[in-house]
Structure formats: C-alpha cells, structure tokens
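Visitor: Build the 3D model from these lines:
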Amino acid sequence: MEKINDRLLNWASILEDTTREQAERTASMPFIYPHVALMPDAHLGMGATVGSVIPTHGAIIPAAVGVDIGCGMIAVRTQFTAGDVAGRNLDVLHEQISRSIPLSAGRYNKSVRETAPPRVEELRAMPGVGQADDVAKNWPLQLGSLGAGNHFAELSLDEADRVWLFLHSGSRGVGNKLAQKHITVAREQCRQRQIELPDRDLAYLVEGEPEFDAYLEALRWAQRFAYLNREEMMDRCVDQLGRFVGTEVERHETINCHHNYTERETHYGREVWLSRKGAISAREDQPGLIPGSMGAASYVVSGKGNVPSLMSSPHGAGRNFSRSAARKRFTRKDLDERMTGIAWGRSDAFLDEHPDAYKPIDQVMADAADLVEIRHTLRQIVNVKGD
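Guide: The predicted structure follows:
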C-alpha cells in the first residue's frame with residue numbers, strides 16, 4: 001500500500017499519472033472522511049476514478065457511484081465437472097445462452113419472461129419506481145438483459161474442474177438514465193451555490209435536502225434492479241446449462257455482489273456514505289467475485305477486512321487502453337489465438353475487450369493480497385458478450 005497523501009491511499013502498482021491526479025482531486029473534496037482508497041485495478045473514470053472507494057460525510061457525489069448503478073457479478077457453482085461437458089459442442093451452449101438473454105446496448109426482452117413477474121412486482125413496490133417509470137417506462141422488459149462492453153455470461157471451470165456459471169451486468173438503461181438525471185441535478189445544485197469544483201463531475205448533493213433524498217431513493221431502487229437483473233439472467237443460464245447437459249442444475253454455491261454502489265457504513269468511528277466505484281466489499285470472510293478480462297482467469301475470493309482499504313477490494317482487471325485505442329492496437333488474429341479453446345462470439349466487435357486492453361489480472365490479484373484471499377481460480381470455456 002502506498003500513502004499518496006493523508007487523504008489518498010493506493011494499492012495499485014500500475015497507476016497512470018492521469019488516474020492518480022484524478023483521484024487526488026476526488027480526495028480533496030471537503031467532505032471526504034477519512035480517505036479515498038484506490039484499488040489495484042484503478043483507472044480513469046468520469047469524475048471519480050474507476051476502482052476507488054470514496055467515503056463521504058453529509059454528501060454524495062452521484063458520478064462517484066457511476067452511471068451503471070449496482071453493476072456487479074453473480075456466480076453459481078454447479079454439481080457438474082469438466083467431464084460432464086467434455087466432448088460436447090460448447091458453441092451450442094453459447095448459442096442457447098445468447099438466445100435466452102438479450103445482448104448488447106438497447107436490446108431488451110420482447111415480453112416479461114415467466115420467471116420475472118415476482119421480481120418486477122418487488123421493484124414496483126419499492127420507493128423509486130416512480131422515478132424509474134419517468135425515465136424508462138419499459139424497465140420491466142430490461143430485467144434479464146445483459147448489455148454490452150465488459151458485461152458477459154460465462155461457463156468456467158475451477159481448479160478442481162468444477163463447473164461454474166459466472167455473469168456480469170448492472171441496472172441497464174433505466175439505471176443509466178436515473179444516474180444521468182441526478183448527476184445533472186448535482187451540477188445545477190453546485191452551480192446555484194457558486195461552488196468551484198476541481199471537476200464538474202465531482203458535483204455533489206447535500207444530505208438533508210430533497211435532491212439528496214430523491215437520489216438516494218433512485219439509487220436504492222436501481223441497485224436492487226441490478227441485483228435482480230443478475231438473478232433473472234442466472235436463472236436462464238442455469239436452465240440452458242441443464243438443457244445442454246440433460247440434467248437439472250444443482251446450485252451448490254451462489255454469490256451476488258455489487259461493485260458500483262453506495263451504502264451507509266461505519267469506518268474509523270464515523271458513519272459515512274461509502275461509494276464503491278469499481279470495487280467490492282471485502283469484510284472479513286465475505287465472499288466476492290473478481291473477474292479477469294475476456295480470455296483471462298477470474299477469481300472467487302474471501303475478504304480479509306482490511307481497515308485502511310475501507311474493507312474493499314478490486315472488482316476486476318481494470319482497463320489499460322481505451323476502447324478506441326484497443327481497436328487500433330489489437331488484431332482479430334491475435335484475439336482468435338488468445339481465445340483458443342473458448343466458445344465465444346468470434347467477432348471484430350470484441351477487439352476492444354482484448355485481454356491486453358486490461359491490466360494483467362495476476363498483477364491486480366498480487367496487489368490485492370492484503371485485501372482478499374483467493375478461494376477459487378476460474379478459467380472460462382464459454383464466453384457470451386453483447387457487441
């Protein structure tokens with residue numbers, strides 16, 4: 001761990017100057033307590049750094065949560081082993097999963113699936129549903145859809161050749177629109193107060209005011225939507241795997257965790273609003289998930305309750321190159337070689353998800369040695385993504 005200053009601690013051995021400078025601006029905000037913690041996968045984000053843990057007292061920065069509110073991971077360990085899928089055409093399973101879950105930005109279900117109504121009704125009963133209806137009336141159709149970018153659904157094997165289903169997604173279009181709405185409100189609030197910000201995306205809402213309460217309501221709704229969205233998609237993956245193998249899936253272990261969210265937590269003797277933007281909670285013995293890039297290893301971990309990190313850990317590999325830079329730098333031939341032995345989409349659209357567009361996951365995990373213990377190392381054999 002590196003102490004950059006009294007209000008910024010860093011666990012990243014690979015840290016660009018621009019990322020460090022961005023984190024320093026966030027840490028300079030007057031309501032930060034006790035300090036910002038930079039995770040090993042830290043990289044440049046909007047306003048606040050992706051891979052940062054930001055404790056605030058009396059205020060929340062909406063952009064420090066991010067626009068994909070509640071984004072996170074879910075994993076299920078099944079009863080199957082490598083032998084149960086050996087010799088089968090995994091491209092068939094890739095196609096089955098791709099048909100059962102709408103992929104890519106802006107693509108949603110045509111109707112509410114049979115497993116979704118209880119989840120939709122739960123969300124309809126929550127405060128915040130009015131805001132969701134206002135920004136995206138079709139949000140029930142978004143439940144159970146993956147999105148694009150680094151979101152994925154995978155079939156993986158662990159070190160004992162046990163089969164896992166592993167999935168990454170968040171609150172989709174409705175969460176994005178809710179986030180953008182409140183980021184705009186925060187900017188206007190700071191403008192009205194004539195507050196000079198080091199970055200306009202560090203605009204904040206003040207606790208006790210109606211705008212703060214409205215954001216918190218939307219935030220909690222979107223976080224729950226994201227959690228249930230992952231559950232809905234995992235149900236479909238479980239169903240398709242069972243059909244593929246010809247045996248109903250048994251769920252021996254399930255982990256579902258956010259990595260873009262805010263919660264009320266106590267750290268260093270004070271209650272704060274803790275925003276994890278690209279970080280997971282890692283309290284002692286708490287299970288968590290840290291995916292690598294496409295074609296790289298992923299990890300099932302257990303938290304160590306590291307106090308200076310605000311009991312947090314990285315959420316993945318963290319980008320090394322922007323999407324546009326990755327498309328220029330990497331070739332389809334190289335990506336094909338890196339994905340040998342994996343059933344995947346085989347498209348140029350995924351060049352920006354090339355493994356080398358991200359930090360080496362082995363280095364990220366080495367940097368996180370004081371934050372989490374590795375329980376299982378997963379290697380993917382099926383990778384489903386939206387383009």
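Visitor: all contacts plus neighbour counts: C-alpha atoms, from now on.
Guide: Will do.
Visitor: Name the spans of the stretch 251-387 of the chain whose pLDDT lies under the cut-off.
Guide: For the stretch 251-387 of the chain, applying pLDDT under 70 flags no range at all.
Visitor: Quick one: the helices in it, in order.
Guide: In the stretch 251-387 of the chain, the helices defined using DSSP state H, counting those that start in this stretch lie at 323-329, 332-338, 361-367.
Visitor: Need the residues that contact the first one.
Guide: Where contact means CA atoms under 8 Å, 6 or more residues apart in numbering, the residues beyond helix 323-329 that reach it are 351, 352, 353, 354, 357.
Visitor: Could I get the contacting residues of the closest residue to residue 292 other than its chain neighbours?
Guide: Closest residue in space to residue 292, ignoring its immediate chain neighbours: residue 298 at 4.7 Å, by CA to CA, 6 or more residues apart in numbering. Taking CA under 8 Å, 6+ apart, we find residue 298 in contact with 289, 290, 291, 292, 377, 378, 379.
Visitor: do that again at 7 Å, thanks
Guide: Contacts of residue 298 were listed using CA atoms under 7 Å, 6 or more residues apart in numbering, and they are 290, 291, 292, 377, 378, 379.
Visitor: is it possible to export those to CSV including distance to residue 148 and neighbour count?
Guide: Formatted as CSV, the contacts of residue 298 follow (distance: CA to CA, whole Å; neighbours: other CA atoms under 10 Å):
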residue, distance to residue 148, neighbour count
290, 18, 25
291, 16, 22
292, 16, 25
377, 24, 17
378, 22, 24
379, 21, 22
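Visitor: quick one: which of the contacts of helix 323-329 is nearest residue 43?
Guide: residue 357 (12.0 Å; CA to CA).
Visitor: wait, isn't that closest one in contact with residue 317?
Guide: No - the criterion here is CA atoms under 7 Å, and residue 357 misses it with residue 317 at 9.5 Å.
Visitor: more crowded one of these two?
Guide: In terms of neighbours (other CA atoms under 10 Å), residue 317 is the more surrounded of residue 357 and residue 317; the figures are 28 against 23.
Visitor: measure the more buried one to residue 353 for me?
Guide: According to CA to CA, to the nearest Å, residue 317 stands 11 Å off from residue 353.
Visitor: where does the nearest residue to residue 32 once chain neighbours are set aside land on pLDDT?
Guide: In space, and not counting its chain neighbours, residue 32 is closest to residue 56: 4.6 Å by CA to CA, 6+ apart. pLDDT for residue 56: 98.
Visitor: Check residue 73 too.
Guide: 97.
Visitor: same check, this time on the one 3 residues further on
Guide: The predicted local confidence for residue 76 comes out at a pLDDT of 98.
Visitor: Any idea how many residues pack against it?
Guide: Look at residue 76: counted by other CA under 10 Å, it has 22 neighbours.
Visitor: Just say helix, strand or coil for it.
Guide: Residue 76 falls in the strand class when you classify it by DSSP: H, G, I helix; E, B strand; the rest coil.
Visitor: Run through the residues that contact the nearest residue to it once chain neighbours are set aside.
Guide: Excluding the flanking residues, the one nearest residue 76 by CA to CA, 6+ apart is residue 254, at 4.6 Å. Going by CA under 7 Å, 6+ apart, residue 254 touches 75, 76, 77.
Visitor: returning to that earlier point: roughly how far does the residue nearest to residue 292 sit from residue 116?
Guide: According to CA to CA, residue 298 stands 28 Å off from residue 116.
Visitor: A helix includes residue 236, no?
Guide: Yes - assessed by three-state DSSP, residue 236 belongs to a helix.
Visitor: what's across from the nearest residue to residue 374 once chain neighbours are set aside in the sheet?
Guide: Using CA to CA, 6+ apart and skipping the chain neighbours, the partner closest in space to residue 374 is residue 301 (4.5 Å). Bridge pairing for residue 301 (DSSP bridges) gives the partners residue 288, residue 374.
Visitor: Report the contact partners of residue 301.
Guide: Contacts of residue 301 by CA under 7 Å, 6+ apart are 287, 288, 289, 372, 373, 374, 375, 376.
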